[in-house]
Every structure is written in C-alpha cells, then in structure tokens.
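Next one to model:
(chains A and B)
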Amino acid sequence: MMTDRVKRLRQESLEAKPSISTERAELVTEFYRQNGGFMSEPVRRALAFKYILEHKAIYIGEGELVVGEKGPAPKATPTYPELCCHSLDDLDILNSREKIPFAVSPEARDVYQNTIIPFWCGRSMRDLIFREMTADWRAAYDAGVFTEFMEQRAPGHTVLDDKIYRKGMLDFQKDIERSFASLDYLSDPRAYDKEQELFAMHLVAAALVSFAERHAERARELAAGESDPARRAELERIAEVCSRVPARAPRDFHEAIQYYWFVHLGVTIELNTWDSFCPGHLDRHLEPFYRAGIESGALTRDRAEELLQCLWIKFNNQPAPPKVGVTAAESGTYTDFAQINTGGLLEDGSDGVNEITYLILDVVEEMRLLQPSSSVQASRKNPDRFIERAARIIRTGFGQPSVFNADLIVEELVRQGKSVADARSGGSSGCVEVGAFGKENYNLTGYFNMPKVLEIALHDGVDPRTGSLVGARTGDPRSFRSFDEVAAAFEKQVRRFVDVKIRGNNVIERLYAGFMPAPFLSLLIDDCVARGRDYHDGGARYNTSYIQGVGLGTMADAMTALKFHVFDEMTVSMEAFLAALEGDFEGREQLRQTLLNKTPRYGNDDDYADAEMVRVFEIYFSAIDGRPNTKGGEYRINLLPTTVHVYFGSVTGATPDGRRAGTPLSEGVSPVQGADRRGPTAVLRSVAKMDHVRTGGTLLNQKFTPRLLAGDEGLEKLVRLVRGFFRLGGHHVQFNVVDAETLRDAQANPELHRGLIVRVAGYSDYFCDLGKALQDEIIARTEHSDI
Amino acid sequence: MATGLVFDIRRYSIHDGPGIRTTVFFKGCPLACAWCHNPESQTPEPELLYRESRCMRCKACLAACMNEAISWSGDVPVVDAGRCERCGSCAEACCTDARELVGREMAVAEVMAEVERDTPFYEESGGGVTLSGGEPLAQAEFALELLKACKARGIHTAVDTCGHAPWETLDRVRPYVDLFLYDIKMIDDERHRRYTGASNESLLNNLQLLSRHGHNIILAVPVISGVNDDTEAARRLGEFAAALPGNHGVILLPFHRLGVDKYALLGREYVYADLEAPAEERLSEISRVLVGYGLRVSVGGS
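Now for the predicted structure:
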C-alpha cells in the first residue's frame, strides 16, 4: 500500500527534472583555493568533505520522513570537478541532449565559465590520468578495445555490511583512537602516513555527525513554524532521529534507515563513486529493528513499509553523475545501479529470508522505480515462496528483481580467497558483480571489447577502421593452416591488450591512492581503520580489480563460423571470408544468411558452438585472473556490458558471425540477439557450460512473451527454470517480459528476434514465423494482457 | 533400433503435462480434424514447407534439386510434386531456411540424446517427456521404444493421443506411460466422422479400458465454435466422462487460429481460417455443465 504521502513524494520524484547543481563544485573549488598549501592528501580530502557538509544547503521536503539530499534539492545533481571538469560544451550537450538531459541554468553555466573551469581545467584527475597513460594505451582506448572507468569517476564500487546498525560515528572514532594508540613510530616506516589517514577518518566521522545535526536544527525550525500538529510531531521526530544518528547506533527502524541514508550521502558526496553505493542485505540488517518495533508496539508493518518507500524515493532522487566528453553525448541512463539485495545466506550458512525480505519485495513492486534496483539472492536453502514472490514481480514486466545464485556467489568469493563467513555476508551489487560487503574494495576498471580484438587479430594487429597498427603482429590469417592458429592469434592479442590495460590500471590506482584518498569510505570498509590505510591504498581486507569482457556471444559465434566454414567444412576460404567482412557482406548476403541460419550458434545447447564459447572464456580468464593489482589484491574477470555493447559495436567492423559493421555486440553472456532458437532451457544449458565460479559475475538476459508466464503454472515453471539453471551453476539471470513494442520491433527486424516463442498447448511456433495478421493479434493481446 | 518420423522436438514445453517438458512431435495422424493447428503433422511422410517472407530469391534450391522438380514461376519457386522425392537437398541449400523439410527419420537414441539434455529441469520441476503429434501411436514401435528408453532413465512420460489405435497397441505401451493426455472431441459419432474423418468408437472404447486399468488420464477437449461448443455436446461428454471408472480431470483447449499460416506454408486451404475463438461465455457454460457431472475442469492456454 502507498500512503498519500508516499504517492505524492513518488510523483514529485518522477516529475523532478534533473539539473546540474554547481553547489558542490563551488564549495570544493573554494576549499582548494584556500587550502593549496602543504598538508597530507587524506587530511586535505577530509577537510574538503567537512567544508562541503558544513556549507551545503539542507533540504527537508514537505512530508518527508527520511531526509537529506546529495544536492540542494531532489535531482539537483552535483559535479566533481576535481575528478573531471565539465567543459562549456559538455554542459551544453547535457542541457540539450534528447535523451536524459540535465538542465543547466545560465547561472550555472556562468559559474562554470568564471570559476570552476579556470581553476580545474588541466588539473583534474582525468587530465592527470590521460597525461600518464602510454601511447599504446591511448591507441587501444581510441580504437575502442577497452574503456576506462576511472577517467570520470572515482573507485568506490562497494557495498555496506551491518556495521552501521551496531555502531555510531562516535564508536568509529573510538576504533580510530585505538588504532592511533597502537602506531609504532619507531619501527613502522609508514606510521606517519597511517596517523594522517586515521586523523582524516576521525575528521570525516565528526563531519557527518555535524551534517546530521544541521538537519536536526532545520527540522526543529520547520516544526516551530508548522501549524499542522501531526506534521509538527513528525518534524520533531526527524530532529530527534538526526540528533541520534549517525552519532550513535540506531535504536529503531526509522533511525536505522535514516542512518544508512546519511552514510549513503557521505559516500556519494565525498567522491562520485561508481555504481553508487548500497546497503547490501537490507532485509537482514533491518530485521532486528523491525522485530523489536513490532514486539514493543512502537512500529507497525504499514509504518515500516512507508519508511522503506521513503528510502526508495531518496534513491530515486539521485541521478547518476553526469558524464563529460563523448560519454556525455552517448550515455543513455540516469540509473546508477544501486542494487538492494534480499534473501541469500546468513553468515552461519542458514536461510537469509525473513519477513523484511517480503516487505522489501512488496515495496519494489509498488514503487516500480528504476532506482534503486533490486535483486533476489536465491539459495537452495531459501524457500520457494521467496522465488515465487520475486517471479510475480518479474512477471509484471519491469525487469526487476534480477535473480542471483547465492550458493554460487559464495563459491566465487571463496575461490577468490575470502573467508566463508565474509563470502556469505557478500553478494551481488551494481550490475551483477560480486563482493564481500563491508570488507572489500572491488572495482570495475573498464570494459574489454573481445570482438574488436578478434578483428585486430584477423588483420595482423591492424585496426581496419583506421589502418593503424594497434595490436601485436600475429601473422596473416590467410596463411593459417588450422583453426588453432586463429585461436592462438586471438589469444596473443588478448594478452597484449590486457597487459596494456593492466599497466594503465596500476598507474591509475596509484594516482587515486596519492591524490584522491577517500577517508569517509575508508571509515566504513574493514580493515581500513585497523590498518590505518585508505580504501584506495589497499586498506580494505580484500582488493579486487575487474576487467569486464564484452561480446562473448558474438565471439562464440564468430569463432564457430570460422572453424566450421573455413577449416572443418571448408565451404569458404579465409580469403573470401575476410573479403566479405571487409565489404560488410555487401553482395554476400547468401553467406551472411548461411552464417545466421546454417551454422552452429551459441545459445542452442549445441556442443560445437558452445565449445567455442568456452574456449573464448578460457582465453579471457587466463589472461587476467590472479594477476596482482597495486593494493595487494588480484585482477578477476566478469562478463557484463551495461550498455557498452552498443558503443563497442559501433567501432567494430563486420564479424564472422554475420553481424554487420557498427551494429551492437551481444550483451553479457547472452547469445547473439536472435541466435537462440531452441527455447530457454537450451540457452541456460549453453550458458552454464562456462565455469561461472571462476568469474566475479556474469549477466544473462532472457526474453519471455507474457503468455509463457501466465497463470500459476507459468509462474511455477519460471521458478523451476531458475532453480534448474542455478543447479547447473549459472550466476545470474534477468527476465524481461517482452512488451508490444518489442514485438513490433520483432515484426520489423525478425533477424534479431528469431528466438521469441509463442506457445500454447500442443503447439508452439516462433513469433517471427507467424503471418502479419497473427502477429498483430498477439501484439494486441500483449498490449491488453493484465497479468 | 526403431526409427520414427519426427517433425519437431520442443524443449521447455510447459502446457503438455506437469513440469518443464520436452515434447516430441510425431508425424502422421489417422484423423484429419478440420481445425487442426499442426497441419504439418498429418501426413506420415516428410513434407516441404515454403516461407515466402524469408525467401531471398537466390535460386539456390533450383540448383540443389537433383530431380529438376523446382521451377521458377514469376517471383517464387514452384515444386512439381510428382518429381519431388522429398530428399531435402533444396532445404539444405536454402540459406534463409525459407524452405524447410518437415519430418525427419530419427533413431530412438538420437531423440533420447536431445531429450536427456533437459533432465535437470525435469527433475527440478517434476517434468519429463511428452509424445505428441500427429499421433504417436501411429508409429507404435518407435513410440514404445522411446517410452521404454525414457522409463529406463527415470524420466516421466506423457502421451498426447487421440486414442485412435488398436487396443493391442495401447496395451503394449501403457506400462511405460505415466500420463495420458487423451484427446476427446465429441461423443456424437456422426459428427465425429464428419469433422475428423473417422469414427470415435474405438477411441472411446480404448479410453474406457485405460481408465479401467487405473491409468492417470487427463481428457483434453478442443473447443471449436459451431462444432462441439453447444451445451448438448458438453452434456454428452460429461455423461461419458463421469461414467469412466477413473476420476479424470478435463482440460478445455479453446480453438485458436495460430495454425492458419502453416496451411499457407504447406500450400493448403484452411477451412477454419476465419473462425473465431470460442467466447468466454461458451467456455464457462461448458465448464459449468461438466462440473455438474462432478468433473474437475480447467481451461488451457489460448
């Protein structure tokens, strides 16, 4: 149920127009202007944090129960010029781009022109990073072989555990003081560095408390002027909550939620951390407060639900930090991947589903917001009712919650070296990546364009788009005698570009450690306080750097096609094949159709094609996994694209799977769009042939027509399908119920949707094979279906 | 080992019995129901199917045909049925799959290799294999071998049948069948002959015998407007079903027109191309009547 208050706040959040706020940029610039002298960087960053929180506007909206905004008002979005400074062109693009614009007022533009740009232009982390990269790195980056996450955003991709529900900032300060007391200036050469880091953490803990107190004061002021006694009481309660948390541990449900939100604001104001930051297993963290509240009679289920809904609205009020440069024009989302987990396993290995799990799923279904995103962590120990509840929401066709294999995630984390307890307290975050919540610095460092690398391998190291040599010389493929030589050339190129990428990453990691420490985030992640080391400098208990492979499906089919046609069946020569690719299949439509329809393809449980997928997986895995980063941790792989498969496709020529130049690559570990024609179990079996345990996350999208999920039966079978997939060792699956729009697209572009099944008792066919009249009928039914 | 003519194997079948199933479609049917939504299932030999919308007019089929059975007429290829030996070389040569040979002779082992792939899903869901068609019992040896192979591997079996077979055949396969999805169109034999081309006498007898032997049976009733959707037909059905020794659920399968394009692809006329699906009121009336006879009734996907 949504109360009138929630309905109104939700509507306001949906209608608020995202804009650029220069508040943070102005404050940080003022601060750096006045504090340019010698001091340690952790302390400078702590003082900057304090300065922003002391001076930023306090916002308490009409009717709000959970308070605090990153900017001066909902969707007034701050910028981080110390990381990357928007140019006037960037601002004009953000203001005018058709999709997801950010309004930039003339005043904001003036501030940038007169204050921000003159101070930061050429001095930001982004400028520094690009200056420090090698020519090889730049060539690969420009060719679209990989992207770099840290050029616009700070590392900070992590999730919180349960510590804030047990400890206030004052308790954190006591921990810091203990760490201080044990510093050994006589034999530890880093003692002074640690002292400075700890001092910085102490400062930021106090800064967050004062920030909350400013909200308390504002609430008291508003209460004094409030004529409605009910609202006055609420404001007085808000004041009480903000005076209590985050200084001390929360006592009840309301305080716990408000505390988390202050922490969230602290982390995301300090730096523009990737993929936001999220509370992780909110259900298990809030459960004790809920139970105590219900037992004492101080809380009702409705009130708990309303408070959660207010938290959801807060998340939705924060668009992702606006980008600069090319990505400002191309980035197609306001969403920043805060992902709230439910279910999974408790630290002792028992079933993690509780009453709040279901309450949260109710909230997800009612709020229907893209942010925060939600996931269910499905363990074999969780009851079916839990998965069924999630399936009911999935069926409403809004792409949430995504479903993760909790048991496999534990295995993945343990393989990476985490303790079993830390692994169970972890889970998935952001997109699909795994981490030990509250104890790990895990960072997505950039996407890796595998089909582009194949293209370069097929051109002996040259990028055919520009004609320049960007890769290694691996030989003219026309001279290859066996398919193994093709695979070897690809592997060699992968290793070369991974080396280039890792070298760059290792420099960037040190730049962040040196110039952009994050004392507030460090406060929250074990064992930064105990070690006296920053989050960016190896302070976390675990440190993982990910490089995300993109285009696995395209790669699998491309390798299969080369092997099948050039070497096994010998129906096409390498020379002819390369010429067809060169010409983007112009005049070679028969070959292209043969590739699409008469060649084994990944996603059909066809061992021939699936073996090539596994080969590509192994090549990518062995090039990266286990290599050291600069924080005492390792590189790992995951396979997820977000939306980069579109950009990567745009810089990649025609591929041997029949894909035309410039069109999107396959996404995640999903088969090429339209290649899977044997139904969902065949897709799941194909996908499960790679060893997901050795990844830090894979992403699979499955499209379903609504009829396939209709009724209790359809729902039950979806639950069984998920259980079956997880039994086979899949990591994640997200079900998208196709809407009428997708079906219309399938009508227009059947090639991309060949796998869409229409199924009725004793009958099934592919949507694309039906005549137009019947397709129209199904589209009309889909539009009016009320499941 | 027995082989059989199969025209499709569909995984993740979720309407053909309990759980997640793989349905093996047998080609060839003794009946010729006028409303059939799988017309390619009817004849007991391979058939060529042509999807004009996919054809890119490359004429590869022309070159591939060793019997010179294909000629070009205007914008489309035409097959001389007299010369065509249904060898499938044209379909093989067709890069867009516009031309497809429906029906492939498969060995039991081949079918099982496909069927067994989804075993984890059967186990999770209580699913298994459904033999459908066409009429599985029309290829009795093959059906029997397949059923035995499934049972030997612990896979749940269902047979979707019209029951039009000698009792001896049913008697041989029934030990290996966990569930019969027994099609029953109408009790009136004269009408049955008119619409399906055969008497229903043997299939009703067979049903009674199966029921007497205590088999697990679901009665599958296609509901076709103007053919068997009248109250009288429902009453007679209810009377018959209620008198069966076993207590069997009834599933109503309302007519849908999804098969209409297949007739065109096969170059055949579809008498029911313009028939509407039965109205909700008719379905609830039929349900009401059947429930009145103490039967459990559900309505299948439309």
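
tally of neighbours for the residue nearest to B:M112 when sequence neighbours are not counted?
Leaving aside its sequence neighbours, B:M112 sits nearest to B:A149 (CB to CB, 6 or more residues apart in numbering or on different chains; 5.2 Å). In short, each C-beta sits where N, CA and C put it, glycine included. Using other CB atoms under 10 Å in any protein chain shown, B:A149 has 21 neighbouring residues.

Give the other helices and strands that whichever strand or helix holds B:A149 contacts.
Applying DSSP states H and E as the criterion places B:A149 in helix B:140-152. Contacts defined by 3 or more CB pairs under 8 Å, 6 or more residues apart in numbering or on different chains; DSSP states H and E place helix B:140-152 against strand B:3-13, strand B:21-26, helix B:108-115, strand B:128-132, strand B:156-161, helix B:167-173.

what about 10 Å?
Applying 3 or more CB pairs under 10 Å, 6 or more residues apart in numbering or on different chains; DSSP states H and E, one finds that helix B:140-152 makes contact with strand B:3-13, strand B:21-26, strand B:104-107, helix B:108-115, strand B:128-132, strand B:156-161, helix B:167-173.

How far off centre is the first one?
Spelled out, it's strand B:3-13. Strand B:3-13 has its average C-alpha position 11 Å from the chain's average C-alpha position, going by CA atoms, centre = their mean, to the nearest Å.

Quickly check: that strand near chain A or not.
Yes: judged by CB under 10 Å from any CB of the partner chain, strand B:3-13 and chain A are in contact via B:D8, B:I9, B:R10, B:R11, B:Y12, B:S13.

picking that back up, in the helix holding B:A149, which residues are buried?
Neighbour-count burial for helix B:140-152 flags B:A140, B:F142, B:A143, B:L144, B:E145, B:L146, B:L147, B:K148, B:A149, B:C150, B:K151 (criterion: 16 or more other CB atoms under 10 Å in any protein chain shown).

Compute the inter-axis angle for it and strand B:156-161.
160 degrees (axes from the mean of the first three to the mean of the last three CA atoms, to 10 degrees).

Could you check the angle helix B:140-152 makes with helix B:108-115?
Going by the same axes, to 10 degrees, helix B:140-152 makes 50 degrees with helix B:108-115.

I'd like the average pLDDT over helix B:140-152.
For helix B:140-152, mean pLDDT rounds to 98.

what do you get for stretch B:284-302?
For stretch B:284-302, mean pLDDT is 90.

Now that stretch: buried residues?
For stretch B:284-302, a neighbour-count test (16+ other CB under 10 Å) marks B:E285, B:I286, B:S287, B:V289, B:L290, B:Y293, B:L295, B:V297, B:V299, B:G300, B:G301, B:S302 as buried.

Give me the neighbour count for residue 264.
If you meant another chain, say so; for now it's chain A. Counted with other CB under 10 Å, A:H264 comes out at 22.

oops, I was thinking of chain B
B:A264: 17 neighbours (other CB under 10 Å).

what helix or strand is it on?
Counting by DSSP H and E, the element that carries B:A264 is helix B:260-265.

any residue of that helix up close to chain A?
Yes: under the criterion of CB under 10 Å from any CB, chain A is reached by helix B:260-265 at B:V260, B:D261, B:K262, B:A264, B:L265.

coming back round to it: now the two most distant members of the residues of strand B:3-13 next to chain A.
Based on CB to CB, the longest span within these runs between B:D8 and B:Y12 and measures 13.1 Å.

neighbour-wise, which of these two wins?
A count of neighbours by other CB under 10 Å puts B:Y12 above the other of B:D8 and B:Y12, at 24 against 20.

those strands in chain B, which residues are they?
Shown for chain B, the strands assigned by DSSP state E span residues B:3-13, B:21-26, B:47-50, B:70-73, B:76-79, B:99-102, B:104-107, B:128-132, B:156-161, B:179-183, B:217-223, B:249-254, B:297-299.

Which one of the residues of strand B:3-13 next to chain A is nearest to A:F386?
The closest of these to A:F386 turns out to be B:Y12 (CB to CB; 22.7 Å).

contacting residues for the closest one?
A:678-684, A:708, A:717, A:721, A:757, A:759, A:764, B:20-23, B:118, B:121, B:127 (CB atoms under 10 Å, 6 or more residues apart in numbering or on different chains).

Spatially nearest residue to it (excluding sequence neighbours)?
Once flanking residues are discounted, B:Y12 sits nearest to A:G679: 4.0 Å by CB to CB, 6+ apart.

so what's that neighbour scoring on pLDDT?
Turning to A:G679, the model gives it a pLDDT of 89.

Provide a list of residues in contact with the closest residue to B:Y195 other than its chain neighbours.
Once flanking residues are discounted, B:Y195 sits nearest to B:A34: 5.3 Å by CB to CB, 6+ apart. Contacts for B:A34 (CB under 10 Å, 6+ apart) come out as B:R194, B:Y195, B:T196, B:G197, B:I224, B:V227, B:Y270, B:V271, B:Y272, B:L275.

so how far is chain A from the second one?
Here the distance between B:Y195 and chain A works out to 17 Å (CB to the nearest CB, to the nearest Å).

Then the last one?
Taking CB to the nearest CB as the measure, B:L275 falls 13 Å from chain A.
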